[in-house]
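>>> The following block contains a protein sequence and its predicted model.
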Amino acid sequence: MKQGTLLAAIDLGSNSFRLEIGRYEHGQIQRIEYLKETVRQGSGFDENRNLSQESMVRGWECLARFAERIAGFQKSQVRVVATQTLREAKNREAFIKRGRDILGFPIEIISGSEEARLIYQGVSHLLPTDHKRRLVIDIGGRSTELVLGQNLQAHVTGSFRVGSVAWSMKYFPDGALTEQAFSKAEIAAKAVLEEALEKYPRSQWDTAYGASGTVGAVADVLQAEGWPAGEVTIEGLNWLIKQLLRAGHVDNVRQPGLKEDRRAVIGGGASVLRALMQSLDIDKLNVAQGALRQGVLFEMVERDDQATDVRDISIQRLAQKFAVDQTQSQRVSRVALQLFNKTIENSEHEAHLVQRLKRKLSWAASMHEVGFAISHSDYHKHGAYILENADLLGFSMQELQRLGLLVLGHRGKLRKLEADFEEAEFIKMLIALRMAVILCHARKNPDQSGLEFNCNEKSKQFTLEADADWIESHPQSVHLLRQEVIAWQKTPWAFAFTQAARVKQPA
């Protein structure tokens with residue numbers, strides 16, 4: 001990545017939306033601007049798990065203000081991630097579609113484990129390399145993320161559906177701060193966090209850090225009252241909860257250091273934090289400077305260098321886990337990329353966008369036989385299911401769905417494929433993968449010497465031309481390619497398999 005490149009990360013959290021703009025300089029990211037708005041979208045669910053129109057409008061209005069600030073940024077400079085609220089919302093596509101139109105950039109929904117990993121990246125990049133084992137926690141509006149790691153490497157990641165907004169709505173619905181409400185809230189939080197006891201035992205970490213949201217809010221109050229800066233102790237938290245009980249209601253809370261936007265959710269946040277500290281035997285939490293948005297920024301830098309993209313490692317690990325035939329997958333990948341190059345010879349796409357498409361195609365080729373681990377019958381369907389439901393670090397939920405769609409579509413009928421056939425780049429990847437699988441059907445390097453492939457995007461026509469010798473020597477491939485012609489007939493695109501005209505020899 002070039003020195004001086006501006007990068008923007010937008011975090012669509014359950015409580016707040018945040019925009020962080022930084023400048024990349026010599027391996028570090030210098031903050032240029034930080035904007036935060038309390039949208040509290042996580043409180044906008046109805047009984048059917050749909051976001052209310054009002055909560056969506058609040059989000060869209062915030063995004064419109066963010067859009068003005070990042071106007072002129074290129075796609076490679078911006079990444080927008082959404083967390084628990086949009087993971088849960090049944091009508092999330094409605095919000096995402098309009099949000100994308102407002103911002104001019106795609107919105108990615110990331111899994112809980114991926115959120116945890118990115119939080120750790122944001123925290124660890126702003127800490128010194130001390131080789132200590134770290135526990136990082138982040139109590140958000142509707143979920144809490146926990147990570148064990150060392151230096152820049154996250155080892156154990158997890159996400160639990162307990163958060164400040166959700167717990168405030170459920171256990172402090174009218175704003176009353178009572179001992180009974182705190183007791184119920186903490187018991188419920190400990191029940192959700194029970195499985196964390198085995199994954200994050202006290203013996204596995206040396207120092208604990210709290211990122212963002214609730215931990216920062218509690219630390220600010222304690223510091224304003226004379227407690228040590230930059231930390232939250234169990235003693236300090238107990239003291240704060242006593243002050244909240246004395247206030248009796250969120251409207252009466254007047255603690256120095258407590259921001260107005262935190263008042264309504266301080267009960268839920270404090271109860272979850274105490275349950276967490278007690279459950280995991282945390283005496284002191286150090287307040288981390290980094291958070292999810294910083295992790296997203298550093299991830300953008302790492303993705304720019306294929307050697308450090310965690311998604312490649314995730315694909316390799318999944319392939320090993322399901323015993324994918326690496327020789328065949330590499331063979332298919334190589335041929336698919338050669339064919340894909342033919343489809344973009346006259347493309348006006350920027351080089352970095354073409355490279356992204358190639359990497360996605362390569363991942364799909366690497367995973368096209370992952371379904372064999374379940375059954376050879378309909379293995380493409382099993383493979384798509386595995387990918388769409390896997391928790392692969394580095395990938396958003398949409399990326400995994402897209403990858404699953406390529407794997408699902410690499411063989412079989414096309415007309416039932418729920419794909420956008422108007423999206424030329426996806427269709428080019430799809431046919432390149434399908435043809436590569438056909439040409440490599442014998443599980444050996446295919447003979448391509450007598451073949452010529454081309455694409456006419458305007459007429460939506462792909463053509464594979466083979467000379468007579470090739471056709472005569474490869475009867476099974478010819479049969480499969482003729483079946484491929486039929487497969488494309490009921491789509492907006494056409495595939496033609498033709499024989500090259502013989503060149504007349506001079507008399």
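Good, I have the coordinates.

>>> Spatially, what comes nearest to Glu145 if we skip its sequence neighbours?
Distance criterion CB to CB, 6 or more residues apart in numbering; nearest residue to Glu145, sequence neighbours excluded, is Ala116 at 3.9 Å. Where C-beta positions appear, they are placed from N, C-alpha and C, glycine not excepted.

>>> Which is the succeeding secondary structure element to the one helix or strand that neighbour maps to?
Under DSSP states H and E, the secondary-structure element containing Ala116 is helix 112-124. Towards the C-terminus, the helix or strand next in line after helix 112-124, according to DSSP H and E, is strand 133-139.

>>> Could you list the paired strands of that following strand along with their orientation?
strand 144-150 (antiparallel), strand 207-210 (parallel) (DSSP bridges).

>>> what's in contact with stretch 172-189?
When contacts are defined by CB atoms under 8 Å, 6 or more residues apart in numbering, stretch 172-189 is touched by residues 162, 167, 170-171, 241, 244-245, 247-251, 253, 264, 267-268, 270-272, 274-276, 278.

>>> same deal with stretch 49-60?
Stretch 49-60 is touched from outside by 12, 17, 39-41, 43-46, 85, 88-92, 94-95, 98-99, 102, with contacts defined as CB under 8 Å, 6+ apart.

>>> now the helices for the stretch 351-500 of the chain?
Listed in chain order, the helices found in the stretch 351-500 of the chain under DSSP state H, counting those that start in this stretch are 351-367, 379-389, 397-408, 424-439, 468-473, 475-487.

>>> In JSON lines: these, plus distance to Met56 and mean pLDDT.
As requested, the helices of the stretch 351-500 of the chain are exported to JSON lines (distance: least, CB to CB, whole Å; pLDDT from 0 to 100):
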{"stretch": "helix 351-367", "distance to Met56": "29", "mean pLDDT": "91"}
{"stretch": "helix 379-389", "distance to Met56": "25", "mean pLDDT": "95"}
{"stretch": "helix 397-408", "distance to Met56": "19", "mean pLDDT": "94"}
{"stretch": "helix 424-439", "distance to Met56": "28", "mean pLDDT": "96"}
{"stretch": "helix 468-473", "distance to Met56": "56", "mean pLDDT": "93"}
{"stretch": "helix 475-487", "distance to Met56": "40", "mean pLDDT": "95"}
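
>>> Include distance to Ala154 and mean neighbour count when you put the ones you listed into JSON lines, please.
Compiled in JSON lines, the helices of the stretch 351-500 of the chain are given as follows (distance: least, CB to CB, whole Å; neighbours: other CB atoms under 10 Å):
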{"stretch": "helix 351-367", "distance to Ala154": "21", "mean neighbour count": "19"}
{"stretch": "helix 379-389", "distance to Ala154": "21", "mean neighbour count": "20"}
{"stretch": "helix 397-408", "distance to Ala154": "19", "mean neighbour count": "21"}
{"stretch": "helix 424-439", "distance to Ala154": "30", "mean neighbour count": "23"}
{"stretch": "helix 468-473", "distance to Ala154": "50", "mean neighbour count": "14"}
{"stretch": "helix 475-487", "distance to Ala154": "43", "mean neighbour count": "14"}
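
>>> returning to that earlier point: which of the contacts of stretch 172-189 are buried?
Members of those that pass the buried threshold by neighbour count (16 or more other CB atoms under 10 Å) are listed as 162, 167, 171, 241, 244, 250, 253, 264, 267-268, 270-272, 274-276.
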